[in-house]
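S.K.: have a look at this prediction, sequence included:
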Amino acid sequence: MARNDLQGSLDLLVLKTLSQMGELHGYGIVLHIQRASDALLSVEEGSLYPALHRMEMSGWIRSEWKATDTNRKAKFYRLTPAGQKELQRAEKSFEQLVKGIRAILRYA
Amino acid sequence: MSIFRRIVNTFFRSKLHQEIDAEMQSHVEMRIADNIAAGMSPEEARRDALLRFGSRVVMRERITAADAATIFDAFGRDLRYAARQLRRSPAFSATALITLILGIGANVIVFSVLNALILRPLDVPRPNGLYNVVHKQQGYDNQSYPDYVDFRTKNSTFSDMAAYRIDRAGLSTKDAAYECWYYKVSGNYFDMLGVQPEHGRLFHASDEHGLNSAPYIVLSHDFWRRHFDSDPRIVGATVDINKHPFTVVGVAQAGFHGADLFLWLDFWMPIVDSPDPEDTNFLSNRGMHNIWVLGKLKPAVTPQQATDNLNAIAQELARQNPADDALSARLVKPGLLGDMFGDPARSFLAGIMLLAFLVLLAACANLASLFAARTADRSRELAIRLAIGSSRWNVLRQLLAEAVLLSVLGGALGTLFSTTLLNALTRWQPFPEFPIHVTVTPDPKVFLVALLLSIASGVLWGLVPMRQVWATDSAQVMKSGGGAAIVFRRFTLRDLLLGVQITLCTLLVTASFVALRGMQRSLHAPLGFQPQGALLAETDLHMGGHSGASITPVRKRMLEEVGRIPGVISVGIIDETPLGTGGSSTMIYRMGTTDFRGSNSAFGAKYFSISPGYLEAAGTRLLTGRDFTWRDDAKAPRVAIINQTFVHAMFGNTSALGRQFMMGDKVPYEIVGVVENGKYDSLTETPWAAMFFPLEQNPDSDTSLIVRSPLPPSEIVPEVRRALAQIDPSLPFVFHTWPDALAFVQFPARAATATLGVMGLLAAMLAVTGVFGMAMYSVSKRMREFGIRVAVGAQPVQLMRSALSRPLILLLSGSAAGLLLGAMASQLLAQIVYQATPRDPLVLAGVVISMALLGLLATWIPAQCALRVHPARLLREE
């Protein structure tokens, strides 16, 4: 259960990042999450790529090899309509989770 | 992502790895660049980047593990394990394979024939929307030419409609002469079917300008290849057909052989032309129904709309023409000569397909019980696997993999074996004198069906041990030491399967016995003539250029010359032999009829023209009255000899001699003789009224000489041939014994019997292996028990009873059920096989005896094993 939730939050972070930034490569996603969370959250490369691959297989994101600004070849990911839907679902369930945890914390 | 992508990933694992490596490489390089920008030394920057990443191999594994493609990997592992398991028990694998080869092979063969004759579209360039237009009444499939013309010009639902008929003629060139079958077709025929010429041109609707306006023929590709060495110079040449000149305008495209699936004719001729002047009357006679009509529906028109449209035209025609009184239209699928052949062939093939399916089902039941037994034997292994943490689903999947692997292997071998057989069947020409060629080579559809059947049957019998796996209590099984956990007292699923299997097998055995008996009877049924000891010499006098008044002298000379040969008892002529290919019928009217429309007729009757002496030569019994003489000629009053059915239909139980009737020609015919009933069209027909006319009062050029002689054909044929050659050496004759000539009408029954026989044999084999397997298994499992019982003094009979009572009970009840089902199913059979009835003591006895023999065969070895049990040795082994 717990594992699923953590994995779920990584998915949420990645999907959200892609929905905000449009198109991004794996390294860019790592940097963005770090920057946007004021270095509170850091994504491990070891978890990111398997997650990206899994999400691609689920049809949430699509990838394409392209050149970066510095003219390096990298694999860019973008959100699909299915991924958009998944993002909404994940956001909602995350908010509920947060609400639940908050309620429990207050109760305690 | 798509399932396709996953499959691709599985097969191109290395490609996926390369891509992951490239992506990681790019990531690391970007990190290094950023690190350097942040002030690290290149060395440090690189180290940091790699450290963050961790082990590349682990990462790669994690990525591929995330890939759902791993499912296929697991499946592959299951298959490999299954293959190892099957190799370890060769006896089980071999039995299962043979069973599957037979079961699936039989299905592939039957399905291929079904596919070739029924499912596959017509073998023409544009097969869509084609239908034969036949009458509403079953068995009346031909139209008259004027009706065809009206249908074609007045309809609004067909884009085009063509007419054709089949005929025979002699084709001769300077160097050679051939006896040919050919199509006479309307001018639009080729264009409607979308046929292209290989060489020269085809003829078109624009070539028809009335009677004998288009003396052209188009050769079939096959005929051109066989007899003209594929020489394109034949185009433009003139050939003689029945001694009339025709120009070869072209050769049709390769593979095109008309709109009938199994007929391969030699050439096409415009229907308005004919080598025989007398043979064009039908073009203007609404009463002569002798052409096939093939129509092509307009796009978006349904067959029902087209049928309504044609029937409206038919009603209008009926108002205008008395001869069209009963005209009606119905559309049937083309390819099998309308309904005449198509209907029985379709229902028979559907029936056989069902039987083949039952054989496969019986095979599956057989395998299921074998497999269940095998699973029971492996219960210890399965229990261990469950105990060390394998999920039940995994174990089940493993068992399923074994079943499917075996089934697919068996299916592949079965298909291979049936393809060989089908190729042989395609090369086989059952009747050398007819242009019949049944192409049943399997196509992709057949292979797909074979694959699906294999997988489905694998899943079917592979799922049977599911309950066993689910119910396995690992602790219990390991404690009790394997096999002993199986309860033998209870009635199990395996027993039920065996019972079902025996029922199916008995059904098939019954069906084959019924067919065999029907066949035997049909060979000995009264035909109304005696084929044994008679020889046929058939020709068409038109082929020798004889017509009109010159025909009778030629025939008289034939009878004289052949009658003079020593050893010939009697000789006669008939235009077309009964149970031959042709056979015409006409309407009969009572005396005093004035309005000769179809609905005023008394009944329909078959008619033949015969010479004096025919009845004696054919062995047809004359019951009362006289035979014809040569004085019954064209100038004499019309006379007829009729059969008993005719007498009964016209005059009831009173005498018919000297009384009269009329036909469409409105002339009274006097009855001078009555003969026994006979078979005229087929062996299964209901009795027809039939009548015979003197040759000269019903002129026709078809001539069949019946020569009765006790001498063997090898001695008499050369004599007859020499005698006939003296009269006209150019006249081609076909010789065969009368029983051989009947092979054609007996073919459906023979084919049905052979097919059912093979099915019955297959079923019997399956029943033997099924009962044997079960008896053997139960004996082997109870050896220890038997040993103890022998040790405490049990008699062999007691052992036998407990070892074999269950298989025997199953055998008995299954056989009884199968016999009952077989009796019910035989109603279907009766349509094809003459006089097929299950209420025949011989059939019943045959089935009972064969099932008993099968039972004996299947339980003999297990019984021997049970009897040879040696208590001391058995107990010691434990």
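M.R.: Looks like it came in fine. Numbers count the residues shown, from 1 in each chain, chains lettered A, B, ... in the order given.

S.K.: how about the residue of the stretch 101-250 of chain B found nearest chain A, nearest residue that isn't a chain neighbour?
M.R.: As assessed by Cβ to the nearest Cβ, chain A sits closest to residue B:104 within the stretch 101-250 of chain B, at 36.5 Å. No exception for glycine: its C-beta is placed from N, CA and C like everyone else's. Nearest residue to residue B:104, sequence neighbours excluded (Cβ to Cβ, 6 or more residues apart in numbering or on different chains): residue B:414, at 3.8 Å.

S.K.: hang on, isn't that neighbour packed against residue B:450?
M.R.: Yes. In this structure, residue B:414 is within contact of residue B:450 by Cβ atoms under 8 Å, at 7.3 Å.

S.K.: what sits in contact with each of the two?
M.R.: Listed as contacting both residue B:414 and residue B:450 by Cβ atoms under 8 Å, 6 or more residues apart in numbering or on different chains are B:104, B:108.

S.K.: report pLDDT for the closest residue to chain A within the stretch 451-600 of chain B.
M.R.: Closest residue of the stretch 451-600 of chain B to chain A, Cβ to the nearest Cβ: residue B:455 (26.2 Å). Residue B:455 is assigned a pLDDT of 87 by the prediction.

S.K.: ok, how many other residues are close to it?
M.R.: Number of residues near residue B:455 (other Cβ atoms under 10 Å in any protein chain shown) recorded here: 16.

S.K.: can you count the residues close to the closest residue to it other than its chain neighbours?
M.R.: Leaving aside its sequence neighbours, residue B:455 sits nearest to residue B:404 (Cβ to Cβ, 6+ apart; 6.1 Å). By other Cβ under 10 Å, the residues close to residue B:404 number 21.

S.K.: who are the packing partners of whichever helix or strand residue B:404 is part of?
M.R.: Assigned by DSSP states H and E, residue B:404 falls within helix B:392-427. The contact analysis (3 or more Cβ pairs under 8 Å, 6 or more residues apart in numbering or on different chains; DSSP states H and E) places helix B:392-427 against helix B:70-88, helix B:90-114, helix B:338-377, helix B:379-387, helix B:444-462, helix B:466-471.

S.K.: quick one: mean pLDDT over it.
M.R.: 84.

S.K.: which of the three states applies to residue A:78?
M.R.: Under the three-state scheme (DSSP: H, G, I helix; E, B strand; the rest coil), residue A:78 adopts strand.

S.K.: state the distance from the nearest residue to it once chain neighbours are set aside to chain B.
M.R.: Counting by Cβ to Cβ, 6+ apart, residue A:78 lies nearest to residue A:23, which is 4.7 Å off, once chain neighbours are set aside. Relative to chain B, residue A:23 is positioned 15 Å away (Cβ to the nearest Cβ, to the nearest Å).

S.K.: check contacts around residue A:23.
M.R.: Residue A:23 sits in contact with A:76, A:77, A:78, where contact means Cβ under 8 Å, 6+ apart.

S.K.: by neighbour count, which of those residues wins?
M.R.: Neighbour max across the contacts of residue A:23 (other Cβ under 10 Å) = residue A:77, 25 neighbours.

S.K.: gap between that one and chain B?
M.R.: 10 Å.

S.K.: tell me the bridge partners for that residue.
M.R.: Beta-bridge partners for residue A:77, by DSSP bridges, are residue A:24, residue A:63.

S.K.: how about the contacts made by it?
M.R.: By Cβ under 8 Å, 6+ apart, the neighbours of residue A:77 are A:18, A:23, A:24, A:25, A:26, A:29, A:52, A:56, A:61, A:62, A:63.

S.K.: residue A:16 is in contact with the third one, correct?
M.R.: No. Counting by Cβ under 8 Å, residue A:24 sits too far from residue A:16 to count as a contact (11.5 Å).

S.K.: show me how to select, in PyMOL, the buried members of the contacts of residue A:77.
M.R.: Restricted to buried positions by 16 or more other Cβ atoms under 10 Å in any protein chain shown, the PyMOL selection for the contacts of residue A:77 reads:
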select buried, chain A and resi 18+24+25+26+29+52+56+61+62+63
